[in-house]
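Participant: give me a 3D structure for the following:
(chains A and B)
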Protein chains: 2
Amino acid sequence: MTTPLRLGIAGLGTVGIGVVKIIQAHGDLLAARSGRPVVITAVSARSRDKDRGADLSAYAWEDDPVALATRDDVDVFVELMGGAEGPAKDATQAAIAAGKDVVTANKAMLALHGQDLAEQAEAADVVIRFEAAVAGGIPVVKALTEGLAGNAIRRVMGVMNGTCNYILTRMESSGLPYADVFEEANQLGYLEADPTLDVGGIDAGHKLSLLASVAFGTRVAFDAVELEGIERISIQDIRHAADMGFKIKLLGVAQMTGRGLEQRMSPCLVPDTSPLGQLDGGTNMVVLEGDSVGQIVLRGAGAGEGPTASAVMSDVIDIARGIRVPTFGVPAAQLEPAPPAKAAVPAPYYLRMRLFDKPGALAKVAAALGEAGISIDRMRQYGHSNETAPVLIVTHKTTRDALDHAMAGFAATGVVEGEPVAIRIEEV
Amino acid sequence: MTTPLRLGIAGLGTVGIGVVKIIQAHGDLLAARSGRPVVITAVSARSRDKDRGADLSAYAWEDDPVALATRDDVDVFVELMGGAEGPAKDATQAAIAAGKDVVTANKAMLALHGQDLAEQAEAADVVIRFEAAVAGGIPVVKALTEGLAGNAIRRVMGVMNGTCNYILTRMESSGLPYADVFEEANQLGYLEADPTLDVGGIDAGHKLSLLASVAFGTRVAFDAVELEGIERISIQDIRHAADMGFKIKLLGVAQMTGRGLEQRMSPCLVPDTSPLGQLDGGTNMVVLEGDSVGQIVLRGAGAGEGPTASAVMSDVIDIARGIRVPTFGVPAAQLEPAPPAKAAVPAPYYLRMRLFDKPGALAKVAAALGEAGISIDRMRQYGHSNETAPVLIVTHKTTRDALDHAMAGFAATGVVEGEPVAIRIEEV
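Facilitator: Numbering: from 1, shown residues only, chains lettered A, B, ... in the order given. All right, here's what the predicted structure looks like:
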């Protein structure tokens, strides 16, 4: 098979140009590995005149991505525009209808429309590939779909938003509060145009929902992801967690339980000696747990031109080689609509509160926990400042329901100032 | 495609039985992912009567693995006997000649005969897959061959022998000398029948040579791997390295340089804060560096029933899905006979020696280093005991040649007791 594989690339931002550069630099290497040349025939972006730092003169230009996606001289439509709706989705559907394979980095589109698109692709006998949509350069979709295909997956976890991890790491190292570090990250250009996508956990939630589908053979269910961002993480909690041997991470967890599929993207404490705990800065990490393989940890750059383009090229080369795995690992019709678990599996929790300096204050808090059936693993009271003293508690495993019950009980004691902070400790 | 894929499994040790158990437990899951049922039709092992903890009654039995490999009702020959020569190789060649695909966990056979077998397989239009041969359950062959296929690979590193890492970790935590921990590992059954395979670095060297081939598109060249085991690592070096912020690991490094392909499997110091430095116990880790993706780290169980069987099943499911990547990522005829680099790329070194208590002793050592063109990054002298004092030196980057020159110079100074210890510090 020496017919070239012909790509049409829509979207010439960082990732699109990264793909162009790889193809221009590594023609022989790609041909050797693919068994055939991989070439670009046409490209599309919003502005034709912009200097993008790569020579695009050899490629046909289309203003309209739909026109690009349906060109006769395009075998694979490479969708790197982004956005859940609009041109990206229109062009993807047009490509499928025209019998083109699709490679995309578009997590939002797949998180919201993955099932429909996968069904359309299978009906048209084409494939959609999305390695670049999850954890950048880390080949995690391939690891789950193919590398661990002999396993029943137990749990998938990950730090999949480098910006959030950068902010949390920087808060710890600098001692600066969230708002200051957020502003820093903004100045450095680390944040999406709508920063809620990052710090609200939405972007990472999109990724988690895709991994969950691949891991458990279920329909993508982004709506069912329990989302909580990092906006309310305080420098106090980062410091106190460190004192107790933990780091705070925006951690995605997908887990199939007897009561349904649990999907959470929220701040969690993890032991500072664990691979997740040791992950500093903008790097991503995904932890995969299978019944045979045990725990596999993958770490790498989660964003950026080179890493994301590397993932796009992995999908392109697979297609060139004739590898045609279904979008989410099994045929779309066989994906099951997993009922969401109503409550997370029990876990230990970290509690922080301030107690008024009254005799028996600590005993009252302990009693409220006891009444909710929660036992205490460790407790620390710090020196007083003003009229209240900070108290940290690490509980044994409990449910969020029991914890909410206990926290309601705290109010009645009259010894707790304000709202206690409760953060789940994920056992990794 | 709903025709079952029929396996013939030769070798019913830990891994073989692990594969049987996965297929018996996960029939529906495997069929959904593969697009067709995966079944075992026949098995072979040395003793038919042994109780192996799995029901084998549904499978035909062959005493002779060659007979198994060539059965009409076998599509894929699963070779889990081990051994570079003899029955494993005979049966593999017979399978290829009979037009069967081959899945194997046999690193020794591929390290020594990989090129021949790959050529034979391609001539017969069958594939050989060997994910289980390298780093157990970690899908690293797939990550390199497919996941990072868009990259020119710069360097591949790894801790790929869990037994050695266990011994080094245990020496550090217990303070026991090598001989004692070796004996402990032996009692625990962690060592191969010929322990030199483990502690001499041969087993890990086999794995490294396979990864190098896949990474650089070169012919497997195990003979060119510079091998050094962990037998001479002393508890003093482990402690002193820790004092200087390093861990000692049996580290494999393959790197394409301007002067040829460098392949080393030897004890190295790595920073204790790096992922490799933080890898304790029997776990494996592989670090892949590509020109686009940057650094990808993979971590997981490197041995054992479940993890290794998981890797075997990954290959089996790939074949069931119709994925047919060449054995070493590109066609065997295109693999290049990479000339081995004559010397390792420069690196910092750790030096430990004992100096006699004479005036100017340290100055003489420093002068010998200076004459060899080696500059000193850090130096520590410890308190005297008897007539000599331990001295640790971390050099700046230098070549092994320059270092050997300097060490020869030490002898002439008359202030160094015995042989200095020199260990490379790998920049990870």
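
Participant: from here on, contacts and neighbour counts on C-alpha atoms
Facilitator: Fine.

Participant: so the host helix or strand of residue A:284, near chain B or not?
Facilitator: According to DSSP states H and E, residue A:284 maps onto strand A:283-290. No. Using C-alpha under 8 Å from any C-alpha of the partner chain, strand A:283-290 stays clear of chain B, coming no nearer than 8.9 Å.

Participant: any residues touching that strand, and which ones?
Facilitator: With contact meaning C-alpha atoms under 8 Å, 6 or more residues apart in numbering or on different chains, strand A:283-290 is reached by A:135, A:140, A:144, A:148, A:151-162, A:165, A:276, A:279, A:295-302.

Participant: just the helices in the stretch 101-250 of chain A please.
Facilitator: A:107-123, A:140-142, A:162-174, A:178-187, A:196-199, A:202-216, A:235-243 (DSSP state H, counting those that start in this stretch).

Participant: the last one vs helix A:162-174, what angle?
Facilitator: Here helix A:235-243 points in a direction 80 degrees away from that of helix A:162-174 (axes from the mean of the first three to the mean of the last three C-alpha atoms, to 10 degrees).

Participant: would you map the helices across the stretch 301-428 of chain A?
Facilitator: A:305-321, A:361-371, A:400-413.

Participant: ok, residue A:394 - contacts?
Facilitator: A:348-351, A:376-379.

Participant: revised request: answer the last question for residue A:262.
Facilitator: A:225, A:253-256, A:340-344.

Participant: please pick the buried ones from the residues you listed.
Facilitator: The neighbour count (16 or more other C-alpha atoms under 10 Å in any protein chain shown) marks A:225, A:253-256, A:340-341, A:344 as buried among these.

Participant: which one of the residues you listed is nearest chain B?
Facilitator: Relative to chain B, the closest of these is residue A:256; by C-alpha to the nearest C-alpha it sits at 14.8 Å.

Participant: pretty sure the closest one is in a strand, no?
Facilitator: Yes. Assessed with DSSP: H, G, I helix; E, B strand; the rest coil, residue A:256 lies in a strand.

Participant: beta partners of it?
Facilitator: Legend: beta-bridge partners of residue A:256 under DSSP bridges are residue A:261.

Participant: where's it relative to residue B:24, distance?
Facilitator: 21 Å (C-alpha to C-alpha, to the nearest Å).

Participant: now do residue A:418
Facilitator: For residue A:418, the distance to residue B:24 - C-alpha to C-alpha - is 56 Å.

Participant: one more: residue A:203?
Facilitator: From residue A:203 to residue B:24 the distance is 39 Å (C-alpha to C-alpha).

Participant: between the two, who's got more neighbours?
Facilitator: For residue A:203 versus residue B:24, the count of surrounding residues by other C-alpha atoms under 10 Å in any protein chain shown is larger for residue A:203: 21 against 15.

Participant: I'd assumed residue A:161 was in contact with that one.
Facilitator: Yes. At 7.2 Å, residue A:203 counts as touching residue A:161 under the criterion of C-alpha atoms under 8 Å.

Participant: could you single out the most deeply buried of the helices of the stretch 101-250 of chain A?
Facilitator: helix A:202-216 (a mean of 27; mean count of other C-alpha atoms under 10 Å in any protein chain shown).

Participant: show me which residues of the stretch 101-250 of chain A are close to chain B?
Facilitator: So far as C-alpha under 8 Å from any C-alpha goes, the stretch 101-250 of chain A lies against chain B at A:137-139, A:142-143, A:146-152.

Participant: can you lay out those as TSV showing pLDDT?
Facilitator: Converted to TSV, those look like this (pLDDT from 0 to 100):
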residue	pLDDT
A:137	97
A:138	98
A:139	98
A:142	98
A:143	98
A:146	98
A:147	98
A:148	98
A:149	98
A:150	98
A:151	98
A:152	98
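
Participant: what's across from the spatially closest residue to residue A:252 that is not a sequence neighbour in the sheet?
Facilitator: Distance criterion C-alpha to C-alpha, 6 or more residues apart in numbering or on different chains; nearest residue to residue A:252, sequence neighbours excluded, is residue A:265 at 4.2 Å. Applying DSSP bridges to residue A:265 gives these bridge partners: residue A:227, residue A:252.

Participant: could you count how many residues lie near residue A:265?
Facilitator: 29.

Participant: the domain parsing of chain A - what is it?
Facilitator: Listed domain ranges for chain A are A:5-133, A:140-302+A:329-334, A:349-424 (source: automatic domain parsing).

Participant: and residue A:356, how many residues sit next to it?
Facilitator: 18.

Participant: for it, name its beta-bridge partners.
Facilitator: residue A:388.

Participant: contact partners for it?
Facilitator: A:387-389, A:415-417.

Participant: still on that earlier bit, parallel or antiparallel, which strands does the strand holding residue A:284 pair with?
Facilitator: strand A:153-159 (antiparallel), strand A:294-301 (antiparallel).

Participant: what does the shortest one contact?
Facilitator: Same thing as strand A:153-159. Under C-alpha under 8 Å, 6+ apart, the answer for strand A:153-159 is A:165, A:204, A:208, A:211-212, A:215-216, A:249-256, A:276, A:284-291.
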